[in-house]
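S.K.: next come a sequence and a model predicted from it.
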Amino acid sequence: MMITLIQRLANHIQDQDRQRGQSIVLIALGFIGLLAFVGIAVDVGLIYARRSQLSSAVDAAALAGVVELNRDANEQQNALDRAAEFLNANSIPVGAIHNTLDNNLYAFDADQDAATIGARTFAVTVTLPVELYFLRVIGQRSVALTDSATASNFPLADIYASRRVETGALSTSNQAVFGPHLCVAFGDPFSSYSDPRAPAFRARWLGNANQRAYRYRILIPNDYENQLCPGGNGDGSLCDVVRVELFDADSYNQDGNTDTVVHTQTAIDYGGLETTESASCSSNRKNPCLISTGEDDVADDSGLSQDQINLWWFRRIDENRGAGNPPGNGVCAEPDNYTPGYNTITRYTLYYFQQNSSGTIQRVNLATYYGQAGDWGRDALYSSGDGSRQNEHLTTDMRWISPGAEPIYDQPEQIYANCDSSAVNGGCSAATAGPGQGFEVDISDDLVSIVTDQNSGARYIYMEVETVSGASENGFEIWAGPRTYVNSVSSHVNARNVQIVNNPSSHNSRGVTVFGLGHLPLNSTVDNRVEIPLIYVGPEYSGTSVYVTNYDSDSQADGPVDFYFDSISQDDWEKSFSARNANMQDADGQRGGTRCEIGDCDAQFVDPPYRIDIPTYSDDCPPSGNDEDICTPFYGGRLMVSYDGGPSDTYHWNITLSGLPHLIK
């Protein structure tokens, strides 16, 4: 009995020990499971933290890198270096950065729609390995996190296409391009497809070795349609049509050097000049012919500005150049006598960008016009006319025209244009002229779903100017605004200039402004220093930089070149460049000799570009306040240049801005 009791007690103790052992096993297993859950939570939390860190770092790297895309020769490497700096500053390991660079996980201008309208884009993709801790027990040692960002910047500055952009009067310069068969040394670095230097210039400064066209943006302000334009739009009164006009779109030169100059009322009243006088210039038909009106002396004596008188009487502005066969042959030469076969045919294409419902942007062509050369075979080939219209060029020489639109009252003949955007040739005539035809655009009917600036409400139409044949220089000008003036302001450049000086309100763009998109090709006609408005810089750019370069400044051009803002006294802030020797220094610290000197830049860009630091007022301003860059309040203004381009020099400006990028992906 006692033995049985003892055995039962022993068995009970063994059962308890067995159960206690099972509990320990269960507790141990439960602890392992709990540890796994804690490990998952810790490692997942780590992954989320590192993903957030990576996302912020990649966003910052993309924003930092895109502002380095300013057409500098080392722009891509500069962008990569700056992106790497920001990744490293955000604790992304150096090894990950190097691997990213080696694997080409950066992309330039990845968003082609943005690149098309002048934006630069920079895409960054980084793959970062994250070491795990607790999950190693189940064999997961690490995970790879990948994040991407695309930033956009619009570095190409909108350069005012004319000194007198509102009125459209021609004064000290006009725009000019050369035919594709001429060398780049005549002043146009992009248009030639015969000169082997041109592709390198285009690749460096346009970002595309194949792009030969100069591009323009025509701003339509958000309140344009609310303004009154009586008598100009047929029914009424509101500015609902934008008329784009071209001056001297052809490259034909009329003969003769003598003309009857009509003086402005200002010159008659202040200078005692006769109403008219016969005057001439000493040039032959292959060269420009500008007759000095003598009104500059009146301005000097009376203290009037150059815009209050009429400096020049325009007889011809084109230059007949070229030699060899095909015409020009890529060489730097000119014919002995005027030769229409060398004259340039220029294509002017008007278009806009449409915002699709999917968010994509597409280009929509509006109209195309080919300027005449006075060479009948080529004119018939490129224009919408035919060989029987051999005098068509006579209706465009020295005149303002709006192809395909209602002609100006004193225009000798309606100008044909290719108004069918899908056709190479074809066109429209007077029978179809009016709003919505050719270069006269009805905003509501023609600009369907136009891309609109979300901040300002501004809209843009664009123009491409590209030479397609010939070797000569084609001088031209662009103006845009309401069509109010077709019955009151002359189509002839000289008559229009005099009308505008006599009555400045007679021709006004109502805020519509033509800009060169980053580049502006010009032909200087005045042998003295002039004040040229280049770009408007908003207050948001305070403390950033503008980069300005100049191409082919020679032919009696003269330095220095001085930059200032029209909103700041030049005593407080001004930047001077073109140091003449190694002992002198430009405003941005570059020593003389590192850049070509103004007047001696034959077939060269000023390189590196002039860096102009936009003033600001910061906490770093010393008590003396003698540092103009950080002690000058800046509230926005036009960047002006004081420049002597010489009497007959073709050159051009290139301007880019730094800063103000934004993420698009």
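M.R.: Structure's in. What do you need?

S.K.: so residue 148 is in which element?
M.R.: Assigning secondary structure by DSSP states H and E places residue 148 in strand 142-153.

S.K.: in that strand, what counts as buried?
M.R.: Judged by neighbour count (16 or more other Cβ atoms under 10 Å), strand 142-153 contains these buried residues: 143, 145, 147, 148, 149, 150, 151, 152, 153. C-betas here are computed from N, CA, C, even on glycine.

S.K.: if I look at residue 449, how far off is residue 365?
M.R.: According to Cβ to Cβ, to the nearest Å, residue 449 and residue 365 sit 15 Å apart.

S.K.: with residue 124 instead?
M.R.: Distance from residue 124 to residue 365, by Cβ to Cβ: 34 Å.

S.K.: compare the two (neighbour count), which wins?
M.R.: For residue 124 versus residue 365, the count of surrounding residues by other Cβ atoms under 10 Å is larger for residue 124: 30 against 15.

S.K.: who's in contact with the nearest residue to that one once chain neighbours are set aside?
M.R.: Of all residues not flanking residue 124 in the chain, residue 62 sits nearest, at 4.5 Å (Cβ to Cβ, 6 or more residues apart in numbering). Residues counted as contacts of residue 62 (Cβ atoms under 8 Å, 6 or more residues apart in numbering) are 83, 122, 123, 124, 149, 150, 151, 663.

S.K.: rewinding a little: and the buried residues of strand 142-153, which is closest to residue 442?
M.R.: Minimum distance to residue 442 across the buried residues of strand 142-153 is 30.7 Å, recorded for residue 152 (Cβ to Cβ).

S.K.: what pairs with that closest one across the strands?
M.R.: residue 121, residue 662 (DSSP bridges).

S.K.: isn't it right up against residue 121?
M.R.: Yes: counting by Cβ atoms under 8 Å, residue 152 does reach residue 121; the two are 4.9 Å apart.

S.K.: helices and strands of the chain: which one bottoms out on pLDDT?
M.R.: Lowest by mean pLDDT, DSSP states H and E among the helices and strands of the chain is helix 94-102, with a mean of 50.

S.K.: hang on, the earlier thing: could I get the contacts of residue 62 as a markdown table with pLDDT?
M.R.: Compiled in a markdown table, these are given as follows (pLDDT from 0 to 100):
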| residue | pLDDT |
| --- | --- |
| 83 | 86 |
| 122 | 85 |
| 123 | 84 |
| 124 | 84 |
| 149 | 87 |
| 150 | 86 |
| 151 | 85 |
| 663 | 81 |
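
S.K.: tell me which of those is nearest to residue 652?
M.R.: For these, the minimum distance to residue 652 (Cβ to Cβ) is 26.4 Å, reached by residue 122.

S.K.: for that closest one, which non-adjacent residue is spatially closest?
M.R.: Excluding the flanking residues, the one nearest residue 122 by Cβ to Cβ, 6+ apart is residue 66, at 3.8 Å.

S.K.: the one you found contacts residue 149, correct?
M.R.: No: using Cβ under 8 Å, residue 66 is not in contact with residue 149; the gap is 10.0 Å.

S.K.: in what helix or strand does the residue nearest to residue 124 lie?
M.R.: In this structure, residue 62 sits in helix 2-66 according to DSSP H and E.

S.K.: just residue 405 next, same as before
M.R.: Counting by DSSP H and E, residue 405 is found in no helix or strand.

S.K.: what about it, neighbour count?
M.R.: For residue 405, using other Cβ under 10 Å, the count is 30.

S.K.: quickly list the domain ranges of the chain.
M.R.: 2-153, 166-253+318-526, 254-315, 527-643 (automatic domain parsing).

S.K.: A helix includes residue 82, no?
M.R.: Yes: the assignment for residue 82 by DSSP: H, G, I helix; E, B strand; the rest coil puts it in a helix.

S.K.: OK, contacts around it?
M.R.: By Cβ under 8 Å, 6+ apart, the contact list for residue 82 reads 61, 64, 65, 67, 68.

S.K.: got a pLDDT number for it?
M.R.: Per-residue pLDDT puts residue 82 at 85.

S.K.: how about it, nearest residue that isn't a chain neighbour?
M.R.: Counting by Cβ to Cβ, 6+ apart, residue 64 is the residue found nearest to residue 82 once chain neighbours are left out, at 4.7 Å.
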